[in-house]
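Novice: no sequence on this one, just coordinates:
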Ligand code: HEM
Ligand SMILES: Nc1ncnc2c1ncn2[C@@H]1O[C@H](COP(=O)(O)OP(=O)(O)OP(=O)(O)O)[C@@H](O)[C@H]1O
Ligand SMILES: Nc1ncnc2c1ncn2[C@@H]1O[C@H](COP(=O)(O)OP(=O)(O)OP(=O)(O)O)[C@@H](O)[C@H]1O
Ligand SMILES: [Mg+2]
Ligand SMILES: [Mg+2]
């Protein structure tokens, strides 16, 4: 599961190896992004180094989710420049995607499929081995009875755990997590924090948006504030 | 918005006035409830007095959500007995509903409608006046630009706020809240806690399921643990 | 997902349920049914005359019509006992099981009607199926009650099932008069009310009547047994719930 | 009951507003229904046949649209747990039933209008002034029936997994009589195959009977079907 | 591209597994389509007409089902943000497009088989051994075209923009030519109205053209459509 350990073969990778030494993993400068006609990001600037764990906080609707989605290459950039994992997002929003792992507010699970089916599918799309998948499953306590239960029958927290397992199964270099703690029970939260610390230690970069300041604050190495579509040091 | 202040005219109400003096607002004894064939509640017993704020905590899948849904009359009772706000749920699951307000994991909003539309609709179904609706909206900071935005465009926390406004618009006597803090920002959390304290002070009964023990713990007057479909004192 | 009760559980429940579904009464009834079927065969194939137009094909009548009418009866019984379940004072799962059993048998009879009918059609009309009102409505009636049985299978608690299906039965039964009167309403190719209009000789009528009685007895017999089997199914399910409860409560342990 | 009516109006208004905002029926169902009519025209490309079967085809297209619209109408309810919220709102199911039926009915009427027009255009089925009234009555009564049936079984189908598979199984057999009645009535309204207007009215009786039966039955039954 | 193929296979397998688990197509769409056929037969009661228009009706029923299946196919993607997750998984949209088209195609083929059989039963349309090959080729090529169009349409309708634009509406008429071609080809395969097998093959050309055009076009365009 060590990001740096695994050779990912994508256009972006080579480019990215070249730059890793010289450049920050995430470098946004004065990024403006619009959804519909609304500027969800209004000149956001953020620099994140390798193996940092950054906490984004801020009021509802400030732009945290939008920022994470932008880093994942899901949001087109109107103005400014953004480079993530060495990929210039203005030029190519596709190349970055194999390198990032995003957990949004939604879980991205298929209700009709069982827990095992879902994790298997999402693992496969990023070429995870069945070993990694199994590891992810029982790390999040989904190995037992639950693995055969359709996701539609799960409790909220169990769904969240499943979604996390899907993310873990892929070896991302940049983890983008949107309120990952929401819905998880005490054990799940500890497990999650441990996983993130491991990933960071192994050279991954983690950006977490959360409203649970005590919890996420203790996890983060740095806290920034998102307000009105802009980023401020906090 | 004070529960006791407003005369609610429903079959259950009369009955309930009769017993309020003698009886607890929520009295579950050895309740068994099944979903599909799975016993989500396996002999749960719980007594909650008037104007208590009870926190339900416990691992994922323990049965918290199921317990709340049962109290709202959404889950049929297989065995045992349950009386909520003086209504016997085994005999009649309808009469209790005008007396309770439930906020589940889902928000129960219509994506295509605007914030104002949604709150207006849900308010109207319980006969709230436009004044109460407006009050609820700006108490949760939805009065401005947002009121005209389709819910599908909202941020997660804004959706949650909208759902809360819908609940607030109705004058419930028993509040059942499932992880109400999830997704809310700091301000929203304080506002929510204040609202719940007000409601409790005004004679309402509040049951909250949450994984944020610090936060909800400080709010609650009593904490109970749900495990394996049963309730234990914590 | 269903609860797979441990082997011991199921076997024990089986032993508890290992009383036969037959009683002296139902055994007596069964023999009566057999006797009736024999007489019906004799009357229908040997004694009764053949029709001046239809020839021997008319003998189809003695199965076709009774089974159709019994299907009606079955569906009506389903509706009535469903109503009995919904009515608070007489609410009991027994009614629900009778409704279910009766519907199952009704579907069986309706299917027999369809099959014999289309065979008959092959002989008299030269085709298995025509887009005649009665034929089509009959087919729809059959589909409806298959749907009813499907709804019974949706799961949930016994009372959920009972309530849901009872309501459905009360709606579905509305189609029966539709089938019955359809011939009056449009594109009648199918036989009209020939029986009541005295188009049949006395002996034919008598045979038909025998068929009717026999099928009625057969219906009662089948419903009795099916209803008892359904009762046992519910008992087994309850035992399954007990096992599941124990398992669920153990979750807390570790 | 009065409260049930209040709720019904609220729910209906809400459903219609959702349609106004999302335009799913107008932008997606309607075009398909029309295309279907066009396809009919191509499939049986002899005018004689076409004109004779035009009424049947119109109602077939309506029936098909019904299934899609019903699915949509309950999809918005279950998407974010709104149906539960409605139940908790202490809303009597009769209110929900009537409200959704009304909204469904309105949408269907619009569909039917468009389909009838396209039938006139494509199939050269001309509408006699005499038939106008009959036509209108047919549309209304048939639509009422279809809307009630659709809402009823849509509600049953919109529960947990595996329910949705029941919708057509339950819906279509029951809808069939309406289809037949409406077709016959429309035929005599358009004078298809020399049918006279007089022949139409008995069918209206059947349709009205259905509408009433399922309207009343539905208001009573809906609770038991949607509520777990 | 190779990775696009890998993804396509994964997505197709996933969609088919969803179908296996939820049985929506088998239990809901299939009976729906068959009952629609029954209703056709009922609406145009004369056997002569029926037999002549059987091919058209089969393809109409296929179109009906296509709508429902496509809606379903994208409902599962947008329900819980899976479509986003797919995009983040670094999956090239061509892969998604091909995968969903393949799954759609398979489901349609099953439907068509059943519908053809029921046409034979209900409408007494008999299949000549000579026509068999033609029939198979028609089914495959038409299905490919429809599956691609359907996936494009679904992507549009479910994508961020599709909702409020009229684009889906523009895409619809495109399905018509495919259905006409398929109808004509099937007619000559079944020898409806004395059509010879020879007349069928030119139509196959048209169908194949469509399939290729939309297959390629779709793979290129899909990204732009679903990606905002
Ligand atoms: C698939 C084909 C057929 C079906 C589904 C069918 C169905 C039925 C049904 C449902 C009834 C009960 C009518 C009622 O009393 O409400 C019935 C009665 C009857 N059927 Fe058929 N039938 C079929 C074919 C035929 C054929 C081919 C004949 C003979 C030419 C026939 C002769 C009769 C007669 C004589 C009755 C009794 C009519 C009366 O007096 O009520 N049926 N059939
Ligand atoms: N199409 C649109 N029209 C109007 N406003 C929009 C549109 N799309 C997004 N918005 C606004 O953009 C903001 C989205 O921000 P985002 O979802 O990133 O907030 P967030 O920081 O994640 O908030 P939360 O903490 O609640 O998750 C919200 O204020 C929302 O109202
Ligand atoms: N049909 C079903 N089949 C199997 N298991 C089911 C079914 N329905 C519910 N469950 C199980 O019942 C439990 C539901 O519990 P509930 O949703 O009340 O948990 P919860 O305490 O709210 O958990 P969370 O903290 O994650 O919200 C889960 O363990 C779920 O797996
Ligand atoms: Mg957010
Ligand atoms: Mg929960």
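Specialist: Arrived safely. Note that this is a predicted model, so its numbers are computed, not measured. Ligands and ions are numbered 1, 2, ... in the order given.

Novice: The helix or strand bottoming out on mean pLDDT in chain D close to chain E?
Specialist: The least trusted helix or strand in chain D, going by mean pLDDT, DSSP states H and E, turns out to be helix D:30-43, with a mean of 76. Yes - using Cβ under 8 Å from any Cβ of the partner chain, we find that helix D:30-43 touches chain E at D:31, D:32, D:35, D:36, D:38, D:39, D:40, D:42, D:43. Heads up, the C-betas are built off the backbone N, CA and C, glycines and all.

Novice: Nearest to residue C:93 among the residues you listed?
Specialist: Checking the residues of helix D:30-43 next to chain E against residue C:93 by Cβ to Cβ gives residue D:32 as the nearest, at 45.0 Å.

Novice: correct me, but that closest one touches residue E:66?
Specialist: No - Residue D:32 is beyond contact range of residue E:66, at 9.3 Å (criterion: Cβ atoms under 8 Å).

Novice: if I pick residue C:47, what's in contact with it?
Specialist: By Cβ atoms under 8 Å, 6 or more residues apart in numbering or on different chains, the residues touching residue C:47 are C:203, C:207.

Novice: Output the contacting helices and strands for the least confident helix or strand of chain D.
Specialist: Other helices and strands packing on helix D:30-43, by 3 or more Cβ pairs under 8 Å, 6 or more residues apart in numbering or on different chains; DSSP states H and E, are helix D:47-79, helix D:93-123, helix E:47-78, helix E:175-190.

Novice: mind checking which of these is nearest residue D:224?
Specialist: Of all those, helix D:93-123 comes closest under Cβ to Cβ, at 8.1 Å.

Novice: quick one: is the helix or strand following that closest one near chain C?
Specialist: Tracing the chain past helix D:93-123, the next element assigned as helix or strand by DSSP states H and E is helix D:129-157. Yes - with Cβ under 8 Å from any Cβ as the criterion, chain C is reached by helix D:129-157 at D:152, D:156.

Novice: rewinding a little: for the residues of helix D:30-43 next to chain E, which entry has the maximal number of neighbours?
Specialist: Using other Cβ atoms under 10 Å in any protein chain shown as the neighbour test, these are led by residue D:40, with 27 neighbours.

Novice: Just to be sure, residue A:226 is in a helix?
Specialist: No - Residue A:226: not assigned to a helix; according to DSSP: H, G, I helix; E, B strand; the rest coil it is strand.

Novice: any residue of the helix or strand harbouring residue D:13 up close to ligand 2?
Specialist: Residue D:13 is located in helix D:2-22, with elements delineated by DSSP H and E. No - judged by Cβ under 6 Å from any ligand atom, helix D:2-22 stays clear of ligand 2, getting no closer than 13.4 Å.

Novice: next one: stretch A:96-107
Specialist: No - shown here: stretch A:96-107 not in contact with ligand 2 (Cβ under 6 Å from any ligand atom), separated by at least 6.6 Å.

Novice: From the chain's centre, how far out is that stretch? Work that out for me.
Specialist: Here the centre of stretch A:96-107 is set off from its chain's centre by 5 Å, with Cα atoms, centre = their mean, to the nearest Å.

Novice: Then stretch A:189-206?
Specialist: 11 Å.

Novice: what is the mean pLDDT for that stretch?
Specialist: For stretch A:189-206, the mean pLDDT works out to 91.

Novice: hmm, it in reach of chain E?
Specialist: No - Stretch A:189-206 stays out of contact with chain E when judged by Cβ under 8 Å from any Cβ, the minimum separation being 15.7 Å.

Novice: What are the contacting residues of that stretch?
Specialist: A:1-5, A:25-26, A:48-54, A:139-141, A:164, A:168, A:172-175, A:177, A:180-181, A:184, A:208, A:215, A:219, A:221, B:211.

Novice: How about that stretch, which residues are buried there?
Specialist: Within stretch A:189-206, the residues that count as buried by 16 or more other Cβ atoms under 10 Å in any protein chain shown are A:189, A:191, A:192, A:193, A:195, A:196, A:199, A:200, A:204, A:205, A:206.

Novice: Filter those down to the ones in strands?
Specialist: Among the buried residues of stretch A:189-206, the ones falling in strands (DSSP state E) are A:205, A:206.

Novice: Which ones among the buried residues of stretch A:189-206 map onto helices?
Specialist: Taking DSSP state H as the definition of helices, the buried residues of stretch A:189-206 contribute A:189, A:191, A:192, A:193, A:195, A:196, A:199, A:200.

Novice: and the two most separated of those?
Specialist: A:189 and A:200 (16.6 Å).

Novice: and the closest residue to residue C:173 other than its chain neighbours, which of the three is it?
Specialist: Excluding its sequence neighbours, the residue lying closest to residue C:173 (Cβ to Cβ, 6 or more residues apart in numbering or on different chains) is residue C:79, at 3.8 Å. With three-state DSSP as the basis, residue C:79 sits in helix.

Novice: Thanks a lot, catch you later.
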